[in-house]
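1. Can you look at this prediction? I've put the sequence above it.
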Amino acid sequence: MARKSTALILALILAGTLPALGRWRAEYAAVSPELQKWFNSLRSPQGTACCDVSDGHRIDDADVDTAGGHYRVRLGGIWHKVDPERVLTIPNRLGQPVVWFLGTEQDPRITCFLPGAGF
């Protein structure tokens, strides 16, 4: 009985996340091959791959701030400091800020951050 309950819970969680992933992938499926190649080439200052466009999370400019000389991003209504070694310093060809993270919005491990064109 416990296994069925666990399987049901996992299926519900997965069903809730797939539409969001699908929207991001569908939105960027039409991105030019050059822009996709650019996204796939992004690396943190430490050389770690940021993954590709479908793994990033676009955020609004209003969800980016600087405090104490560091970037902060708001995910799930919570402000999170971005370590300087995670900030990409190349021009943003998309224009809008993008953050890559592992974990959840409430407890993210930010792997890369690309500031918007206005920052």
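-> On my side now, so go ahead.
2. remind me which residues of this structure are low pLDDT?
-> Within the chain, the segments meeting pLDDT under 70 span 1-31, 52-53, 119.
3. at 90 instead, please
-> Counting by pLDDT under 90, the chain has low-confidence residues at 1-58, 67-69, 93-95, 117-119.
4. Now do the strands for it: every range, in order, please.
-> With DSSP state E, the ranges of strands along the chain come out as 57-58, 64-67, 70-75, 78-81, 98-103, 108-114.
5. which other residues reach the shortest one?
-> What that stands for is strand 57-58. 24, 75, 94, 96-101 (Cβ atoms under 8 Å, 6 or more residues apart in numbering). C-beta coordinates here come from the backbone N, C-alpha and C atoms, glycine included.
6. need the residues you listed in TSV with neighbour count and distance to Ser41, can you?
-> Formatted as TSV, these follow (neighbours: other Cβ atoms under 10 Å; distance: Cβ to Cβ, whole Å):
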residue	neighbour count	distance to Ser41
Trp24	16	19
Leu75	19	24
Leu94	17	13
Gln96	16	18
Pro97	24	18
Val98	23	14
Val99	26	18
Trp100	23	14
Phe101	21	19
